[in-house]
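**Q** structure, please.
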Amino acid sequence: MDTAPHSALHAAAARNDGPAQIAGTADIDSTAIIGLASQIWHLAQVREHARVGPGCIIGRGAYIGPGVILGRNCKVQNYALVYEPAVLEDGVFVGPGAVFTNDVFPRAINVDGSRKSADDWPMVGVIVRTGASIGARAVCIAPVTIGRWSMVAAGSVVTADVPEFALVAGVPARRIGWVGRSGMALSATESGQFTCPSTGENYTETEGILTLS
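**A** Predicted coordinates:
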């Protein structure tokens with residue numbers, strides 16, 4: 001079997017300079033922008049004016065709402081729902097079945113019984129900073145900001161901003177530890193000091209804020 005074309009595609013994807021690969025069953029609006037070397041799988045939908053950066057992966061059945069922005073090398077897993085006006089910075093991971101909401105007080109109708117339109121409610125969004133990860137079936141209740149390199153455990157419900165490098169879990173989500181850029185839980189070494197067991201990077205905690213030393 002000739003593996004050269006397959007290998008060439010992988011090499012191009014790693015450089016983010018090859019063509020996007022879009023499944024024939026995916027629904028991509030003509031106004032959406034899809035970056036180089038991105039992969040969009042079966043039954044995914046990318047709505048009007050959404051922007052998917054280079055090197056992204058959009059899994060089967062995932063939904064990217066109108067005007068949603070994804071940076072470089074994001075990964076949105078199967079059946080995740082990313083409603084507008086969400087913004088995902090570079091390298092964000094969204095697990096299977098995760099949901100980003102956009103309505104604080106959801107109703108289908110107004111008090112007079114008429115069906116709500118886009119003008120009848122204030123749209124709010126979820127912002128996910130660089131390198132953060134959202135676990136499977138987690139729900140992020142807008143408006144919230146998920147800090148850089150943080151991690152939301154599977155099944156959590158996020159109702160408040162998540163600090164950088166924080167590991168949060170539960171309903172509602174609470175910080176239960178710290179993670180490094182590798183995603184591994186950090187080990188405490190001395191007062192306010194933490195080390196990543198994977199990379200050896202050192203971190204310092206000051207008044208509830210973690211920074212890379």
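
**Q** now Y63: how far from V139?
**A** Y63 sits 14 Å away from V139, going by CB to CB, to the nearest Å. Using the backbone N, CA and C atoms, a C-beta is placed for each residue, glycine as well.

**Q** err, V168, not the other one
**A** Going from V168 to V139 by CB to CB gives 12 Å.

**Q** and those two? Which one has more around it.
**A** The residue with more neighbours, out of V168 and V139, is V168; 24 against 21, by other CB atoms under 10 Å.

**Q** partner strands of the helix or strand where T189 lies, with direction?
**A** Here T189, judged by DSSP states H and E, is contained in strand 187-190. When pairing is defined by DSSP bridges, strand 187-190 lines up against strand 193-195 (antiparallel).

**Q** what average pLDDT does the strand it pairs with get?
**A** Strand 193-195 shows a mean pLDDT of 95.

**Q** ok now it, how far from the chain's centre?
**A** Chain-centre distance of strand 193-195: 26 Å, with CA atoms, centre = their mean, to the nearest Å.

**Q** repeat that for stretch 176-183.
**A** Distance of stretch 176-183 from its chain centroid, counting by CA atoms, centre = their mean, is 16 Å.

**Q** what is the end-to-end distance of it?
**A** This stretch, stretch 176-183, spans 14 Å end to end (CA to CA, to the nearest Å).

**Q** pLDDT of that stretch, averaged?
**A** Mean predicted lDDT for stretch 176-183 stands at 97.

**Q** same check, this time on stretch 127-145
**A** On average, stretch 127-145 scores 98.

**Q** that one: end-to-end distance?
**A** Start-to-end span of stretch 127-145 (CA to CA) is 5 Å.

**Q** which stretches of the protein form helices?
**A** In the chain, the helices defined using DSSP state H lie at 4-15.

**Q** any weak-confidence spans in it?
**A** Applying pLDDT under 70 to the chain flags residues 1-15.

**Q** now with 50, please.
**A** For the chain, applying pLDDT under 50 flags the ranges 1-6, 9.
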